[in-house]
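**Student:** Sequence first, predicted model second:
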Amino acid sequence: MSSISSLRHYTTDPEALFTLSDEALLKLIHDDFEDELHRLKSAYSVGGRGEVEISSKSPSSILYGKNYDEVNRTLVGVLTLKWIHNGEYDTLVANQADALKLSRETFQWIHDFYAHSISNPDELYALITSIVVNDVGKDKQLASDYQKKTGEDIASLNHDMILLKAVEAGLLSCLDQLSEEYRGDIIRGMELGAEFNFGQLAQAENAPACLSSLEKIKGHARSFRLRFQEQLLDIAGAAGHLDWTCAKKLTQSNFDAFHTVYDAGIGIIEGGLSLREGYDMVLARRLNLLHEKGFRLLDLNVEDDRALARLLCMSSVADLTTAELYSRVWSSLDDNVRESLRKYLNIDGSVSKPAVQVTYIPALITQAVDINGPSTTEDKERALRSALHYLCRVISAPDKPDGPVSVIERNVFSTLKDVVQSPKFREDPTILETAPIPESLVAKMELDGQ
């Protein structure tokens, strides 16, 4: 039996597939997706520091004898699907902070949602394929291979767009193993992901204009559902390079945010919500969660409150102590910094007034503040204040790409990663305030007739 038919065989019997040992399951995945996993070995990673000592072998160590961050992140997503199917709640939430832990009731909802949604072997195989290929666009070689084949340089595009273009050029052969029906579903999900990212909306990193992509897939609810399932598993594996024994980031607050994105997306796809209403649903649910824990209720119709709400959402703030820390720092900002942030964080995005999406700023603000780290409250406030000063410079920079651009992307990953993880930053966080501003890229362009 060939490796392809072997995984195909197991998808006809999910019980057999998900009772395999982790090692056997991972080797099945490797046999079908060797090329894609090889690309993930070279993909860039956000890095970070692990909070617990892990004695077991990581997924990439099982397959390759070495740690590869993006391979681990991706394969923890596959393992999470196994834990969900098998009802392994304790495994999934192990090492999650008690205050953030996914509830048993929510775990049961997720279990039932996947069980009812995955109706046949083709859909299960399509979901696994979608998990594996999701971050392949982070491999710089993929853009190079695309240029060799087409002559077009796409290296400056976001990794979701690079993935889509690579698929359209036939550079990911694994999609050829799908039926035409499900291949179409996944490609529609990729087309959506090239302009609309679940995680970016879940943490209000993008702008309302980015939600217009949802209007393009009306009539394809299954495509959207598959994309949601894959993205939920993506967040489950987001810390898989640091801790592969559990779904560290599939916490209650993160699930609530992603579930809200699903509800907002369905609302827009079915025509009941405007783009701003869908976006504000995400902010409102985060605020309601914090209000239930004692934080003051912010008014999204007040620009100052709405800007702070975006910052709270960007950093996935889910507890009262952290919310109050952010509120104190926000109130203490210089008037001109606060006014500028208030202005630019409230732009929806249009050709006449483009919004700026500061990609990776949520992860890097969170690392800068390091809320669970050993530093004092005053140190955390200083770090956050410097991060917001830098965000102000990036989001208000005047340059923009040519053309009818409605959303500008400035990716701070390469600029800030080494800064916020350096011992010097801990000593003097103000070094962040003078860090370079990344170049402006196109996140969303309005075509004629849109």
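**Tutor:** Looks like it came in fine. Residues are numbered from 1 along each chain as shown.

**Student:** Report the residue ranges of every domain in the chain.
**Tutor:** Listed domain ranges for the chain are 3-258, 335-450 (source: automatic domain parsing).

**Student:** Can I get those in CSV including distance to L275 and mean pLDDT?
**Tutor:** Any C-beta I mention is one placed from the backbone N, CA and C, and that applies to glycine too. Shown next, in CSV, are the domains of the chain (distance: least, Cβ to Cβ, whole Å; pLDDT from 0 to 100):
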stretch, distance to L275, mean pLDDT
domain 3-258, 4, 93
domain 335-450, 7, 91
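
**Student:** got CSV for those, with mean neighbour count and distance to L308 too?
**Tutor:** What follows is the domains of the chain, written out as CSV (neighbours: other Cβ atoms under 10 Å; distance: least, Cβ to Cβ, whole Å):
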stretch, mean neighbour count, distance to L308
domain 3-258, 19, 11
domain 335-450, 17, 9
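
**Student:** Any idea which of those domains gets closest to L297?
**Tutor:** L297 lies closest to domain 3-258 among these, at 17.0 Å (Cβ to Cβ).

**Student:** pretty sure V442 is touching I408, no?
**Tutor:** Yes - counting by Cβ atoms under 8 Å, V442 touches I408, with 7.2 Å between them.

**Student:** which neighbours do these two share?
**Tutor:** Common contacts of V442 and I408 (Cβ atoms under 8 Å, 6 or more residues apart in numbering): P401.

**Student:** In this structure, where's the longest strand?
**Tutor:** strand 405-411 (DSSP state E).

**Student:** ok, it: who's next to it in the sheet?
**Tutor:** Sheet pairing of strand 405-411 (DSSP bridges) gives strand 355-359 (parallel), strand 441-445 (antiparallel).

**Student:** After it, which helix or strand is next?
**Tutor:** helix 413-420 (DSSP states H and E).

**Student:** what about L384, helix or strand, and which?
**Tutor:** Assigned by DSSP H and E, L384 falls in helix 377-396.

**Student:** Just want the angle from that helix to strand 355-359.
**Tutor:** Angle of helix 377-396 versus strand 355-359, following axes from the mean of the first three to the mean of the last three Cα atoms, to 10 degrees, is 130 degrees.

**Student:** What helices and strands are in contact with helix 377-396?
**Tutor:** With contacts defined as 3 or more Cβ pairs under 8 Å, 6 or more residues apart in numbering; DSSP states H and E, helix 377-396 has these neighbours: helix 320-332, helix 335-344, strand 355-359, helix 361-369.

**Student:** Identify the residues contacting it?
**Tutor:** With Cβ under 8 Å, 6+ apart as the criterion, helix 377-396 contacts 311, 325-326, 328-330, 332-333, 337, 340-341, 343-345, 356, 358, 361, 364-365, 368-371, 373, 375, 410, 412, 416, 420, 425-426, 429-433, 435, 437-438.

**Student:** Could you do stretch 115-127 as well?
**Tutor:** 7-8, 11-12, 14, 17, 81, 85, 177-179, 181-183, 185-186, 225-226, 229-230.

**Student:** What's the end-to-end length of it?
**Tutor:** Criterion Cα to Cα, to the nearest Å; first-to-last residue distance in stretch 115-127 is 13 Å.

**Student:** mind checking how far stretch 368-387 is from the chain centre?
**Tutor:** Relative to its chain's centre, stretch 368-387 lies at 23 Å (Cα atoms, centre = their mean, to the nearest Å).

**Student:** Can you check the distance spanned by that stretch, start to finish?
**Tutor:** First residue to last in stretch 368-387 (Cα to Cα) measures 7 Å.

**Student:** Also stretch 96-109?
**Tutor:** With Cα to Cα, one end of stretch 96-109 sits 19 Å from the other.

**Student:** and what of stretch 168-178?
**Tutor:** End-to-end for stretch 168-178, by Cα to Cα: 15 Å.

**Student:** just how off-centre is that stretch within its chain?
**Tutor:** Centroid separation for stretch 168-178 versus its chain: 23 Å, with Cα atoms, centre = their mean.

**Student:** sorry, back to before: determine which of the domains of the chain approaches E303 most closely.
**Tutor:** Of all these, it is domain 335-450 that lies closest to E303, at 5.1 Å by Cβ to Cβ.

**Student:** From the chain's centroid, how far away is that closest one?
**Tutor:** Centroid displacement of domain 335-450 relative to its chain, using Cα atoms, centre = their mean, is 16 Å.

**Student:** Find the residue at the geometric middle of the protein.
**Tutor:** The centre of the chain sits closest to G199, judged by Cα atoms, centre = their mean, with a distance of 3.4 Å.

**Student:** The helix or strand harbouring that residue packs against which elements?
**Tutor:** Counting by DSSP H and E, the element that carries G199 is helix 198-202. In terms of contacts (3+ Cβ pairs under 8 Å, 6+ apart), helix 198-202 is packed against helix 221-236, helix 252-269, helix 275-292.

**Student:** go again using 6 Å as the cut-off
**Tutor:** Applying 3 or more Cβ pairs under 6 Å, 6 or more residues apart in numbering; DSSP states H and E, we find helix 198-202 packed against helix 252-269.

**Student:** packing partners for the helix it packs on?
**Tutor:** Using 3+ Cβ pairs under 6 Å, 6+ apart, helix 252-269 sits against helix 198-202, helix 221-236, helix 275-292.

**Student:** Other residues contacting the longest strand of the chain?
**Tutor:** Residues from elsewhere that reach strand 405-411, judged by Cβ atoms under 6 Å, 6 or more residues apart in numbering: 207, 209-210, 349-351, 354-359, 394, 400, 438, 440-446.

**Student:** returning to what we had before: in space, what's closest to the residue nearest to the centre of the chain - neighbours in sequence excluded?
**Tutor:** I235 (6.3 Å; Cβ to Cβ, 6 or more residues apart in numbering).

**Student:** Pull up the gap between that neighbour and L250, please.
**Tutor:** Separation of I235 from L250 (Cβ to Cβ, to the nearest Å) stands at 6 Å.

**Student:** One more: D185?
**Tutor:** Distance, D185 to L250, by Cβ to Cβ: 23 Å.

**Student:** Equivalent analysis for G278, please.
**Tutor:** For G278 relative to L250 (Cβ to Cβ), the value is 23 Å.

**Student:** Also R296?
**Tutor:** As for R296, its distance to L250 is 28 Å (criterion: Cβ to Cβ).

**Student:** go on, E152?
**Tutor:** For E152 relative to L250 (Cβ to Cβ), the value is 37 Å.

**Student:** try S213
**Tutor:** Distance from S213 to L250, by Cβ to Cβ: 24 Å.

**Student:** cool, and H30?
**Tutor:** 23 Å.

**Student:** ok, now G193?
**Tutor:** From G193 to L250 the distance is 19 Å (Cβ to Cβ).

**Student:** what does K149 give?
**Tutor:** Taking Cβ to Cβ as the measure, K149 falls 37 Å from L250.

**Student:** Show me where the stretch 101-250 of the chain has its helices.
**Tutor:** With DSSP state H, counting those that start in this stretch as the criterion, the stretch 101-250 of the chain has helices at 104-117, 121-133, 140-150, 159-168, 180-195, 198-202, 221-236.
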